[in-house]
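> take this sequence and fold it.
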Amino acid sequence: MIRLKIGLLLTVLSLSVQISKGQLLTIPEFAKIYPFVNEELNVISNREQLSCLMEKLINLKKHGNQTVNILHIGDSHLQADFMTSVIRTTLQKEFGNGGRGLIVPYRLAKTNEPFNYKTTSPFIWQSKRCVFPNLPLPIGIGGVTVSSKDSCAEFTIRMKNDSTINYDFNKVTLFYQKDSASYNFALIDSLGNQLGTIKKDSLNNQLFSASASFPVSTSKVTLRSLKNEEQQTRATIYGVLLENGNPGIEYHTIGVNGAQYSNYSEALYFCEQTKILKPDLIIFSLGTNEAYGLNFKQDKFYADMQLLFDKLKLENPDAAFLFTTPACSFRRKKPNPRLPLAAKTIISFANDNKVSYWDLQGTTGGDNSAINWKKNHLMRPDGVHYSRSAYEFQATLFCQAFFNLYNAYVANRPE
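Numbering: from 1, shown residues only. Below you'll find the model as predicted:
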């Protein structure tokens, strides 16, 4: 029943924003399925900091001649993509589908993967997540790195399309350790035909990436190592960008189980590689793992946020930033008392740095609201993660806040 309610709400929201060329998006009043939701708090604060983004969206809706890139960085709440897949498809149905965007071969690293694509390989890959900084292998854009020394190593990416959205692609950009020791890569389709080649002397002049385009879109591709020179000894992969060449939204999700702000700022190449995506908006959804530790200190948490923010701002000076507070959860069968402190720190940080924020924790009841999540069967047994329906519910709240911001901007925008 809960899944049905969320599904109906998502359908209403999705249908309500299908305005073909108009600027104003009509959003129905949010259905109060759960009484603990504080609808008045479901707003994006410091909204003036997103004015440039709103202008880009208006231009995209009017002319359909550009791509708007959104980069969403988080922890295990994002790795499965339950929440962000709803945000992605909702925005793309309104502003255009620019492609699936960045994906990470989580399965090759022996961890859980989003439901909407699958990576497979007959080879065993060495791997590392950013939460283990002392292990070998550098960390790049995906927060997870896989590597192989086998000159025949390969892996396959297959998109799981459905009737609502199509993520076939005709351009692949590989994020990898692009140096003299790296293998080249052949792109192979499902029939064994070679679609293109990715090699270190690519013309895109990017230090960590190279691209290949092909004339026919596909939902499946195999990347196969090619050794052409003696000094080539390994393939080290950070992520793969899948695009379709159409204007619209590209919504890139990076989530790593257990991740904290400090894990991303300490990752060797993470911040530097984000600029390749040319993000117009960077969203942070972190804080659960910091607050789970008994040694949580607000000043340390603030400093970790500042370091990652400063590094990403340096690499992406034209990007807007949006911080979200984590919803409440349990620690040892009781609501985690440090999560409200984390939320207050995030809000204080956003105000101090004059960036936008969305208070998910406040919107869903604030202190001790984990009890309400659990009563409504929205939490998983571990008391930290939420059900898929709950993540979709959070996404619906975010979409309402985002579209309300867009509507308000359009209504008050001088002609």
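> outline the domain layout of this structure.
33-98+247-412, 106-243 (automatic domain parsing).
> helices of the protein, start to end?
Secondary structure of the chain (DSSP state H): helices at 2-16, 51-63, 76-79, 82-95, 261-266, 270-274, 288-292, 298-315, 338-352, 360-363, 370-375, 388-412.
> how about low-confidence regions in the stretch 1-150 of the chain?
Applying pLDDT under 70 to the stretch 1-150 of the chain picks out residues 1-32.
> before we move on, the earlier item: would you reformat the helices of the chain as a markdown table and include mean neighbour count and distance to Tyr167?
To be clear about C-beta, it is placed using only N, CA and C from the backbone, and glycine gets the same treatment. Formatted as a markdown table, the helices of the chain follow (neighbours: other CB atoms under 10 Å; distance: least, CB to CB, whole Å):
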| stretch | mean neighbour count | distance to Tyr167 |
| --- | --- | --- |
| helix 2-16 | 15 | 17 |
| helix 51-63 | 16 | 19 |
| helix 76-79 | 23 | 18 |
| helix 82-95 | 23 | 10 |
| helix 261-266 | 22 | 26 |
| helix 270-274 | 22 | 21 |
| helix 288-292 | 23 | 28 |
| helix 298-315 | 17 | 26 |
| helix 338-352 | 20 | 32 |
| helix 360-363 | 23 | 27 |
| helix 370-375 | 18 | 31 |
| helix 388-412 | 20 | 18 |
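> turn the ones you listed into CSV, columns for distance to Phe115.
Output for these, formatted as CSV (distance: least, CB to CB, whole Å):
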stretch, distance to Phe115
helix 2-16, 14
helix 51-63, 27
helix 76-79, 11
helix 82-95, 8
helix 261-266, 24
helix 270-274, 25
helix 288-292, 21
helix 298-315, 28
helix 338-352, 27
helix 360-363, 22
helix 370-375, 22
helix 388-412, 9
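> nearest to Ala181, of these?
Among the helices of the chain, the nearest to Ala181 by CB to CB is helix 270-274 (18.3 Å).
> now the most centrally placed residue in the chain: how far from Tyr167?
Taking CA atoms, centre = their mean as the criterion, Thr253 is the residue nearest the geometric centre of the chain, at 1.5 Å. Here Thr253 is placed at a distance of 13 Å from Tyr167 (CB to CB, to the nearest Å).
> between the two, what contacts are shared?
The contact sets of Thr253 and Tyr167 do not overlap (CB atoms under 8 Å, 6 or more residues apart in numbering).
> coming back round to it: so which of the helices of the chain comes closest to Lys227?
Of all the helices of the chain, helix 270-274 comes closest under CB to CB, at 24.5 Å.
> average pLDDT for that closest one?
The average pLDDT for helix 270-274 rounds to 98.
> helices or strands next to it in the packing?
helix 261-266, helix 298-315 (3 or more CB pairs under 8 Å, 6 or more residues apart in numbering; DSSP states H and E).
> any idea how far the residue nearest to the centre of the chain lies from Pro133?
Taking CB to CB, one finds Thr253 at 22 Å from Pro133.
> circling back to that earlier point, which one of the helices of the chain lies closest to Leu137?
Taking CB to CB, helix 270-274 is the member of these nearest to Leu137, at 12.9 Å.
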